[in-house]
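**Q** Provided below for reference: sequence and predicted model.
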Amino acid sequence: MATEWLKWILIVSAGLSLPGGESTKAGELADRLENKEPAKRRSAVTGLAKIGDRESWKLVVGALSDGAEQVADQAQLALGALDDEVALRALLGKRGLRSKEVGVRRRAAEALGRVSIAVSGTDLLRGLGDRDEEVRRRVLWSIERLAERERLEGQSEGDGEVERRVLPAVRRKWGGSRSAGIRAASLMAIDAIDSREALELAAEGLEDRRVEVRAASLLVTAKHTELAEELGRKLELDPSARVRSLLIESYEALGNREAARALVRILAGDARIRLRWSALGALRRMSGLKYRMKIEPWRAWAEKLPSRWRAASKPAEETPSGASRVFGGMPLLSDRIAFLFDLSGSLWNKRADGTTRKEYADQQLKLALGSLAEDARFNIIPYTKRAFPWSDELQPANERNLTRAYQDFENCTESGQGNFYEAALLALTDPEVDTIMVLTDGAPTGGEIWSLELMMPMLLSQTRFNRVRFDAILVDAPNGLIRHWRDLAVGSGGQVIVVEADSR
C-alpha cells in the first residue's frame, strides 16, 4: 500500500517535473492505490508504470506488498520496465528484496531479473543469504538472466566486480548448499557468467546423486559441447526419467547422425512410455518421416544416414499421430501421470442443457482412467484455492484404485477460487510424475500467483531440472488466455487442446 508521505512526495515531484495533465493523473493514481477494490488498485499500478517517473516507480515497488495477489502480480510484471536507479534501490531495499514479508522478497527476487537497467551483483548477493530457499533460487535465476543480457553492473565493461565478488559467491552456493535445486540454479548462473568454469563443474555434477544437479549439468554440457557417445549411453541408463527426458531434448538439439541413432535406441528400449513418445516426436521432426512406434523402419533409416548428416528443423506436432485420444480429445502419452482438475466456481455453472463442466470432467476422467495400462501409476488432484490430492503420491492403476479414485472425484463437491500454481507445485513434488494433465477453464482465480504471464515462466523455471510435461485441456477458455497455456505446454514438451461447450 502507498503511504501518505510517499503519495505526497509523488504529487509534489510530479507537480515540479511533469506536464500539468500528468501531474494530476499521477496524484489520482496514487490515491487509487488506497481504494478498497483490488481491480482499481491494479489499474493504478498499470497507470503509474506508464508514467514511469521515479516516484511512480517507487509506488509500484510498494505495491508488491498489496494484500490482493492480482495487484502484487501486476506490480511484479510492471517492474520489468523499471529504468530508474533510485527506484531500483527501493526494489533492492526494505520494500523489496530485504522486506520482512517473504512473499514480497520472492516477488522482488524474480522481478530483478527482468528490470531494464544494470543491477549491482553485489546487491543481489544479499538475497543468497535469505532464509527462504525460494528467494535464494529466484535470486540465482535473476543473476543468470541478467548475466545473459549483460545487465550485471560492470559486466560489459569488465571492471572485475562480477569476477571478484559475484562469481565466487555463486560458486560457494554450488559447492556448499545442501539443496539440490540451489546447486542446480547456481550452476546455471555460473554458466551465464563463465561458461568454461561451468563446464568444468558440470563434469563433476554429472556424477552427483541428486537428480536436479545431474539435470543442470547435462544442460550445461549439451549447450557447449557435442555429447560424447560414452556419456550419452551412460545417461540413457540414468535412473531418473527426468534426466533421460532432458537427454532426448539434447539429442534433438544436437541433430547429427549419432544423436538420431541414440534416439532410436531410446525409442526401442526406454521403459517409460512418455519418453518413447518424446523420442518418436524428435525423430519425426529431425527426419521429416511419419513412421510410428514400430522400431524397424527407424533403425533402418538411422543406419543409412551419412556421417555428416544434419537434421532440418521441423515444427512440433500438435498431437502425436498414432496415439489414442481419450481425455477431452487429448492423447494420454504417459504411465506416470497426475490429473489436475480446476474446481473453481465456473465448473459448477449450469449450462443450457442442464449439465455442468464438472459432469463433463467426470466423464473425461472415467475415460482416461479406463485407458491406463496395468503397470501405470496415477494421482488425481482437484483444486480450488488449495489442492485436494486423492493420494500423497502416484498409485498403481489397479481396478480397486481406479474405482475408488473415480468415485471420490465424482462425489467431490469442493468449490471456490482456482489456485493452479499451488496444485502444480504439489504435483511436482512426486519424483515419479512425468506428466501433469490439467482440465481448466484457463483462468486462475486464487493463490500466490494469479497472472498467467507471470505463472508460466515461473513453472518452466521450476521444472527445467525436473522435466515434467504439462498437458492442458481448456474448456470454454477465453481466447486471451490460451496463448499462455500454449507457452507452458510447448515449453515443457506438452500439448494443449481447446474444448468448446457447444462441441461437447
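**A** Arrived safely. Numbers count the residues shown, from 1 in each chain.
**Q** Could you pull up the residues touching residue 71?
**A** 38, 41, 42, 45, 63 (C-beta atoms under 8 Å, 6 or more residues apart in numbering). To be clear about C-beta, it is placed using only N, CA and C from the backbone, and glycine gets the same treatment.
**Q** now, which of the residues you listed sits nearest residue 280?
**A** Using C-beta to C-beta, residue 42 is the member of the contacts of residue 71 that sits closest to residue 280, with 44.5 Å.
**Q** For that closest one, give me the pLDDT.
**A** On the pLDDT scale, residue 42 is placed at 96.
**Q** okay, the helix or strand hosting it in PDB with CA atoms only?
**A** Using DSSP states H and E, residue 42 maps to helix 38-51. Listed next in PDB are the C-alpha coordinates belonging to helix 38-51 (Å, rounded to 0.1, in the frame of the first residue of the first chain):
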ATOM      1  CA  PRO A  38      -8.300  -4.700  -6.000                       C
ATOM      2  CA  ALA A  39      -9.200  -4.000  -9.700                       C
ATOM      3  CA  LYS A  40      -8.800  -0.300  -9.200                       C
ATOM      4  CA  ARG A  41      -5.600  -0.700  -7.300                       C
ATOM      5  CA  ARG A  42      -4.300  -2.900 -10.100                       C
ATOM      6  CA  SER A  43      -5.200  -0.300 -12.700                       C
ATOM      7  CA  ALA A  44      -3.400   2.300 -10.700                       C
ATOM      8  CA  VAL A  45      -0.200   0.200 -10.800                       C
ATOM      9  CA  THR A  46      -0.500  -0.100 -14.500                       C
ATOM     10  CA  GLY A  47      -1.000   3.600 -14.900                       C
ATOM     11  CA  LEU A  48       1.900   4.500 -12.600                       C
ATOM     12  CA  ALA A  49       4.200   2.200 -14.600                       C
ATOM     13  CA  LYS A  50       3.200   4.000 -17.800                       C
ATOM     14  CA  ILE A  51       4.100   7.400 -16.300                       C
END
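**Q** pretty sure residue 360 is in contact with residue 475, am I right?
**A** Yes: Residue 360 sits in contact with residue 475 when judged by C-beta atoms under 8 Å, with a separation of 6.8 Å.
**Q** how near is the closest residue to residue 328 other than its chain neighbours to residue 438?
**A** The spatially closest residue to residue 328, leaving aside those adjacent along the chain, is residue 473, at 3.8 Å (C-beta to C-beta, 6 or more residues apart in numbering). As for residue 473, its distance to residue 438 is 7 Å (criterion: C-beta to C-beta, to the nearest Å).
**Q** picking up where we left off before, now whichever strand or helix holds the residue nearest to residue 328: buried residues?
**A** Using DSSP H and E, residue 473 falls within strand 469-475. Buried residues in strand 469-475, counted by 16 or more other C-beta atoms under 10 Å: 469, 470, 471, 472, 473, 474, 475.
**Q** Show me the helices in the stretch 151-300 of the chain, by range?
**A** For the stretch 151-300 of the chain, helices defined by DSSP state H, counting those that start in this stretch occupy the ranges 161, 167-176, 180-193, 195-205, 211-224, 229-236, 241-254, 257-269, 273-287, 295-303.
**Q** Please enumerate residues in contact with the first one?
**A** Right, the one you point to is helix 161. Outside helix 161, the residues touching it (C-beta under 8 Å, 6+ apart) are 120, 121, 122, 153, 154.
**Q** now it, how far from the centre of its chain.
**A** Taking C-alpha atoms, centre = their mean, to the nearest Å, one finds the center of helix 161 at 31 Å from the center of the full chain.
**Q** Just the mean pLDDT for it, thanks.
**A** Mean predicted lDDT for helix 161 stands at 75.
**Q** Look up which residues are beta-bridged to the residue nearest to residue 328.
**A** residue 439, residue 497 (DSSP bridges).
**Q** so it makes contact with residue 439?
**A** Yes: at 4.6 Å, residue 473 counts as touching residue 439 under the criterion of C-beta under 8 Å.
**Q** Pull up the overlap in contacts between those two.
**A** Both residue 473 and residue 439 are contacted by 327, 328, 364, under the criterion C-beta under 8 Å, 6+ apart.
**Q** quick check, nearest of the contacts of helix 161 to residue 487?
**A** Nearest to residue 487 among the contacts of helix 161 is residue 121, at 29.0 Å by C-beta to C-beta.
**Q** Appreciated, that's everything.
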